[in-house]
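# quick one: sequence and predicted model below, then my questions.
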Amino acid sequence: MVSIKDRKGFLFTISTVILIIPLIYLVSFYSGASETQMDNTLNKMRCDELHYYIEDVKRDMGRSVVIFGRRAATNVIDDVVQSGVPMRGYSFNCTSMCNVDCDKFIYPENGSEAAIAELVVCGTLHGKNISNMLNNTLPGWIGRIEEEGRLMGFDANITPYEIKVIPKDAWHFAIIIYNKVKVYDREGICFYSENIINSTSNTSVIGLEDPLHLLENKKRKYILNCEDDQVLARTKAGCGVNGSGAGDGLAVLYSLDISNLNAYRNYCTGVSNSSPSGKEIEEQVFVLNHGMMGLCGGGGMCECFNASSLHSFGAFISFRNLTAAEIANCQITIPWIVGTGDLDNVNPINHGGNPDPECFEGGFIESGDCLSVLNACGEHYVIFGYGSMDINATSCYYVSDIEEYHNPQCPSVNYSNGPCFFDRLDGNLNLSEKYVNQANETFGTSLIGLESFVDIYTLYAMEQSGYDVEVSPNSTWVDYLYWQNVSGCDVVGYCKIGNYSFNMDCSHAHKYQMDTDCEQVIGCPVCADGFCSPLEDCVSCPQDCVCLGCPVFINLSTCKSCVGLNCNVSFALTVLDGTGYLLNLSVNPRINITYDGAIVLPTPVMVPVVGETGRYIHFEVNRDINKFIGGNISIKESGCPLVDDAIAYGNISSIACNY
């Protein structure tokens with residue numbers, strides 16, 4: 001028999017169990033839910049790590065390929081330089097050192113692209129290891145990336161699939177690498193499989209050596225971008241009132257270099273040992289800075305002005321305006337200009353009067369200066385030229401684009417664009433269609449060619465020193481056409497130095513806007529058309545031509561401060577250059593002021609505003625408020641346009657500005 005007490009204990013136990021079971025169930029449920037949530041969070045973090053690893057692979061591949069490409073290009077250049085053999089016939093050597101499946105891996109097969117690709121993939125050239133490519137190859141990079149993945153707990157497998165080496169533009173080439181990538185998390189949580197990752201580099205060729213210059217000229221030259229226009233601009237020496245023709249040469253000043261009629265007769269006729277030869281005198285410009293004084297009065301005196309003579313000047317300049325009879329008496333048929341005013345700084349001073357201030361830029365003619373006489377567009381110009389040794393562009397390169405823009409202006413010629421960087425490695429003298437097609441299909445551009453000017457004087461010095469080079473005096477100076485013996489014509493405004501003139505072919509004369517003896521390229525200037533013609537400058541047309549360092553815009557303003565009837569009147573001047581920046585003048589400007597009907601004397605000098613650039617001020621003190629005042633100012637800096645501004649003559653009381 002079970003007692004009542006025992007029965008109560010049993011019931012209590014049953015009740016307790018019944019209450020505990022749901023509690024155990026609830027605890028078990030929530031514990032399982034938390035564990036599931038924690039597993040999901042860890043999995044997401046792990047997959048994020050895999051994602052960031054893949055992104056790092058892409059970024060690092062791009063950076064690394066730029067380095068590989070530049071180093072590979074340098075090694076290919078060195079090989080061409082040392083062997084003297086271009087890369088035109090080179091073939092990719094796919095060997096066991098490349099660590100790729102040569103039967104499946106896709107690569108450029110021939111030329112400089114194949115050589116660069118082999119160095120990037122294999123670290124070899126001609127199948128031989130290149131020491132400075134160590135640790136700078138694609139397989140080496142893959143090994144480092146896979147090791148990094150292992151340290152992160154990923155099994156990474158990166159297999160090279162294809163490499164392309166393609167011109168991107170004239171200054172860059174691209175290496176495009178395609179890799180098959182498989183990455184697995186060791187716990188089996190995430191994976192990235194059977195995806196092809198590609199990376200495109202942008203490798204600059206600027207600063208690399210141009211091997212074609214060494215192959216053709218036996219001289220080392222490096223590829224630099226002519227960022228600024230290296231074709232020298234013309235500078236006006238002055239303008240005349242009459243003239244005809246165009247010619248240039250080195251200045252011979254009558255009063256300085258010849259001095260008297262007897263010396264002139266000997267100089268002109270060539271009868272003395274010190275007289276120039278006919279070839280030498282035709283490369284001179286005779287500057288008459290003195291009176292005629294029978295210069296053409298005797299026999300043998302006119303021949304130097306006659307173009308049909310074997311002993312004539314290249315051009316003639318007279319500071320004084322000659323009469324028609326004087327011109328006829330001298331039988332002038334060479335290019336000539338008269339009435340320029342005094343353009344030199346030697347005796348006699350001011351012969352011919354003052355030069356035209358709108359044309360004279362402050363630079364005096366000196367003996368031996370290169371001068372160009374140009375009568376065109378209804379104007380008569382004397383222009384400072386340059387010696388043919390002064391060409392700046394022999395040290396840098398331009399994008400070659402004559403096929404697209406300049407050949408059509410010369411119907412008789414059809415020149416190719418200049419060779420691109422890969423062509424120059426291959427030893428090609430013209431741009432190859434293969435490389436143009438690659439660049440156009442991949443990057444949508446065909447302007448990949450380069451051109452430079454040869455340094456003919458360095459070539460002459462090398463020839464004289466026994467180098468195996470031959471100077472071509474009649475060829476255009478554009479490098480790739482010079483090497484093909486394409487003829488050029490003498491560029492107007494560049495004087496022959498020694499035995500060589502600056503020559504340019506028709507297409508490039510149009511490209512660089514140069515007149516030649518064979519081709520008139522430069523049309524008549526139209527001011528304010530947005531183009532600075534070579535016959536314009538910042539003096540004649542500041543709207544089109546930037547006047548570097550010149551005051552172009554000025555503003556004159558007034559303010560007043562009055563006590564009763566007495567006023568102080570300020571004249572403030574603001575000076576700006578052609579780009580709109582404030583500019584200080586070389587000297588403090590003078591201002592012409594009229595007060596109460598009389599000119600203020602001495603002419604006031606404006607003073608700079610303390611602590612400010614391009615601002616000047618002058619005060620007229622104790623002026624009657626009921627009187628009239630006005631002012632004007634003209635500024636002419638050397639080599640710059642004349643600029644002026646004025647304050648209208650008016651009552652002081654009407655000046656709106658007060659200070």
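Received it, and whenever you're ready, just let me know what you need.

# lowest-pLDDT helix or strand in the protein?
Least confident helix or strand, the chain: helix 4-83 with a mean of 69, by mean pLDDT, DSSP states H and E.

# who are the packing partners of the helix or strand following that helix?
Sequence-wise, the next helix or strand downstream of helix 4-83 (DSSP states H and E) is helix 111-122. Using 3 or more CB pairs under 8 Å, 6 or more residues apart in numbering; DSSP states H and E, the elements in contact with helix 111-122 are helix 4-83, strand 124-125, helix 138-151, strand 154-169, strand 172-185, helix 421-426. For the C-beta atoms, the positions are set from N, CA and C on the backbone; glycine is no exception.

# any idea of the pLDDT on residue 250?
Looking at residue 250, its pLDDT stands at 93.

# which ones are touching it?
Residues counted as contacts of residue 250 (CB atoms under 8 Å, 6 or more residues apart in numbering) are 283-285, 368-371, 495.

# list just the one of the helices and strands packed on helix 111-122 that sits closest to residue 657.
Nearest of these to residue 657, taken as CB to CB: strand 154-169 at 54.7 Å.

# got the angle between that closest one and helix 138-151?
Strand 154-169 runs at 150 degrees relative to helix 138-151, counting by axes from the mean of the first three to the mean of the last three CA atoms, to 10 degrees.

# any idea of the mean pLDDT for strand 154-169?
Strand 154-169 shows a mean pLDDT of 91 in the predicted model.

# just confirm residue 467 is within a strand.
No: counting by DSSP: H, G, I helix; E, B strand; the rest coil, residue 467 is not found in a strand; it is coil.

# next, count neighbours for the closest residue to it other than its chain neighbours.
Nearest residue to residue 467, sequence neighbours excluded (CB to CB, 6 or more residues apart in numbering): residue 218, at 5.3 Å. Residues within reach of residue 218, counting by other CB atoms under 10 Å, total 14.

# among the contacts of residue 250, which two are most distant?
Maximum pairwise distance among the contacts of residue 250 (CB to CB): 13.0 Å, between 283 and 369.

# is the residue nearest in space to the middle of the chain in a helix, a strand, or coil?
Residue closest to the average C-alpha location in the chain (CA atoms, centre = their mean): residue 227, at 1.7 Å. What three-state DSSP gives for residue 227 is coil.

# pull the contacting residues for it.
Taking CB under 8 Å, 6+ apart, one finds nothing in contact with residue 227.

# tell me how far it lies from residue 512.
Going from residue 227 to residue 512 by CB to CB, to the nearest Å gives 16 Å.

# cool, and residue 76?
Counting by CB to CB, the gap from residue 76 to residue 512 is 31 Å.

# more crowded one of the two?
It is residue 76, of residue 76 and residue 512, that has more neighbours when counted by other CB under 10 Å, with 25 against 19.

# and for the closest residue to that one other than its chain neighbours, the neighbour number?
Sequence neighbours aside, residue 115 is the residue nearest to residue 76 in space, at 4.7 Å (criterion: CB to CB, 6+ apart). Neighbours of residue 115 under the rule other CB under 10 Å: 29.

# poorly predicted segments of the stretch 501-650 of the chain, please.
Within the stretch 501-650 of the chain, the stretches with pLDDT under 70 are 534, 539, 639.

# element containing residue 292?
Element membership of residue 292 [criterion: DSSP H and E] is none; it lies in no helix or strand.

# which residue packs closest to it, ignoring adjacent ones?
residue 326 (6.1 Å).

# residue 199 too?
Once flanking residues are discounted, residue 199 sits nearest to residue 61: 4.0 Å by CB to CB, 6+ apart.

# who's in contact with the one you found?
By CB under 8 Å, 6+ apart, residue 61 lies in contact with 141, 177, 179, 197, 199.

# so residue 548 touches residue 583, yeah?
No: the pair residue 548 / residue 583 is not scored as a contact, 10.5 Å apart, by CB atoms under 8 Å.

# show me the common contact partners of the two, please.
Taking CB under 8 Å, 6+ apart as the criterion, residue 548 and residue 583 both touch residue 577.

# the more surrounded of the two?
Set side by side, residue 548 and residue 583 show unequal neighbour counts under other CB under 10 Å, the larger going to residue 583 at 21 against 11.

# list phi and psi for the more buried one.
According to degrees, to the nearest 10, the main-chain angles of residue 583 amount to phi -140, psi 130.

# can you tell me how far it sits from residue 528?
22 Å.

# and residue 305, by the same measure?
Distance from residue 305 to residue 528, by CB to CB: 39 Å.

# would you mind telling me which of the two has more residues around it?
A side-by-side neighbour count of residue 305 and residue 528, using other CB under 10 Å, places residue 305 first with 23 against 9.

# surely the more buried one meets residue 295?
No: between residue 305 and residue 295 there is no contact under CB under 8 Å: 9.2 Å.

# strands of the stretch 401-550 of the chain, start to end?
Shown for the stretch 401-550 of the chain, the strands assigned by DSSP state E, counting those that start in this stretch span residues 450-451, 489-490, 494-495, 503-504.

# right, and these - which one's nearest residue 607?
Nearest of those (CB to CB): strand 494-495, 45.0 Å.

# chain center to that closest one: distance?
In terms of CA atoms, centre = their mean, to the nearest Å, the centre of strand 494-495 is found 23 Å from the chain centre.

# what residues are up against residue 557?
571-572, 574, 647, 657.

# which SS class is it?
strand.

# so which of the strands of the stretch 401-550 of the chain is the most packed in?
Most buried of the strands of the stretch 401-550 of the chain, by mean neighbour count (mean count of other CB atoms under 10 Å): strand 503-504, with a mean of 28.

# paired strands for that one, with orientation please.
Taking DSSP bridges as the criterion, strand 503-504 sits next to strand 489-490 (antiparallel) in its sheet.

# residues in contact with the partner strand?
496, 501-506, 509, 516-519.

# now the residues you listed: which count as buried?
Buried by 16 or more other CB atoms under 10 Å: 496, 501-506, 509, 516, 519, out of the contacts of strand 489-490.

# how far off centre is stretch 430-446?
23 Å.

# try stretch 103-114
Taking CA atoms, centre = their mean, one finds stretch 103-114 lying 35 Å from the centre of the chain it belongs to.

# what of stretch 197-204?
26 Å.

# quote the end-to-end distance of it.
Distance across stretch 197-204, first residue to last, is 23 Å (CA to CA, to the nearest Å).

# which residues of the stretch 251-400 of the chain fall in strands?
284-288, 315-318, 336-338, 370-376, 379-384, 386-387, 398-399.

# skipping adjacent residues, who's closest to residue 108 in space?
Among residues not flanking residue 108 along the chain, residue 114 sits closest, at 4.5 Å (CB to CB, 6+ apart).

# show me the contacts for the one you found.
Contacts for residue 114 (CB under 8 Å, 6+ apart) come out as 87, 90-92, 107-108, 165.

# neighbours of residue 151, just the number please.
7.

# no wait, residue 367
Around residue 367 there are 13 residues (other CB under 10 Å).

# is the nearest residue to it once chain neighbours are set aside in a bridge, and if so with what?
Nearest residue to residue 367, sequence neighbours excluded (CB to CB, 6+ apart): residue 253, at 5.0 Å. For residue 253, the beta-bridge partners are residue 287 (DSSP bridges).
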